[in-house]
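Asker: Everything below, folded, please.
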Amino acid sequence: MDVKEYEVYENKMKKTIATLEEEFNTIRAGRANPHILDKITVNYYGVQTPLQQVGNITVPEARIIQIQPWDSSLLKEIEKAIMASDLGITPNNDGKCIRLIFPELTEERRKQLTKEVKKKGEEAKVAIRNIRRDAIEHFKKVQKNGDITEDDLKDCEEDIQKMTDRYINDIDKRVEAKSKDILAV
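Answerer: This is a model prediction of the structure:
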């Protein structure tokens, strides 16, 4: 079977893993991580602009994120955007910059976050399995058209299953690592 046929599905699986990693970056563990601001946009002269594009975002201390806008007139807009987000943190505005101070996570909140991580992991596994199903359907059609033999189809199914197992295993490892990160005090 042509390797290029598999590449399409492998690339889809890689994108699923990349998306999972992006989602994990937005879940905060005990430390301040500037990636949790990735999905926040600010009204910048009538255009919704990603927060990273309107100022400097730094982590001066382990549990503080500092946002220094290039245009100080944006402070109120940034504050509004953070309040409207699901971060659950009240921004401190000193007139020059905004500080987000992350409290220590409670045990209950840590458990809640690990459940969220596991849920996102399960969603990624479902996406991988859907890609496997699409791949197998594709190869069955190819076999029906007479382009490959039944033995080739069996080989394809085995190869796709091995690829699926590899990515599912990868997801499990990533979920476990992120859960450990969250539960570490």
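Asker: most distant residue from the middle of the chain?
Answerer: Centroid-distance maximum for the chain: G146 at 40.5 Å, with CA atoms, centre = their mean.
Asker: distance of that residue from V8?
Answerer: 21 Å (CB to CB, to the nearest Å). Where C-beta positions appear, they are placed from N, C-alpha and C, glycine not excepted.
Asker: if we can go back for a sec, for the residue farthest from the centre of the chain, which three-state class applies?
Answerer: coil (DSSP: H, G, I helix; E, B strand; the rest coil).
Asker: Just want the phi and psi numbers for it.
Answerer: The phi/psi pair for G146 (degrees, to the nearest 10) reads phi 90, psi 10.
Asker: which residues in the chain form helices?
Answerer: 3-25, 75-84, 107-144, 150-183 (DSSP state H).
Asker: possible to save the ones you listed as TSV with distance to G95, mean neighbour count and mean pLDDT?
Answerer: TSV is the format used below for those (distance: least, CB to CB, whole Å; neighbours: other CB atoms under 10 Å; pLDDT from 0 to 100):
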stretch	distance to G95	mean neighbour count	mean pLDDT
helix 3-25	30	15	87
helix 75-84	7	17	86
helix 107-144	31	16	91
helix 150-183	34	15	91
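Asker: Give me the domain ranges for the protein.
Answerer: 3-25+106-183, 34-101 (automatic domain parsing).
Asker: Now do the contacts for the residue nearest the centre of the chain.
Answerer: Nearest to the geometric centre of the chain sits E23, at 2.0 Å (CA atoms, centre = their mean). Shown in contact with E23 (CB atoms under 8 Å, 6 or more residues apart in numbering): K120.
Asker: Tell me, how many residues neighbour Q66?
Answerer: Q66 is flanked by 21 other residues according to other CB atoms under 10 Å.
Asker: quick one: the residue nearest to the centre of the chain from K178, how far?
Answerer: The value you get for E23 to K178, if CB to CB is used, is 10 Å.
Asker: for N130, same thing?
Answerer: 22 Å.
Asker: now N43
Answerer: N43 is 32 Å from K178, by CB to CB.
Asker: Over to I57?
Answerer: Where K178 is concerned, I57 sits at a distance of 22 Å (CB to CB).
Asker: which ones are touching the nearest residue to N33 once chain neighbours are set aside?
Answerer: Residue nearest to N33 in three dimensions, not counting chain neighbours: N25, with 6.8 Å by CB to CB, 6 or more residues apart in numbering. Residues in contact with N25 (CB under 8 Å, 6+ apart) are 33, 35-36, 38.
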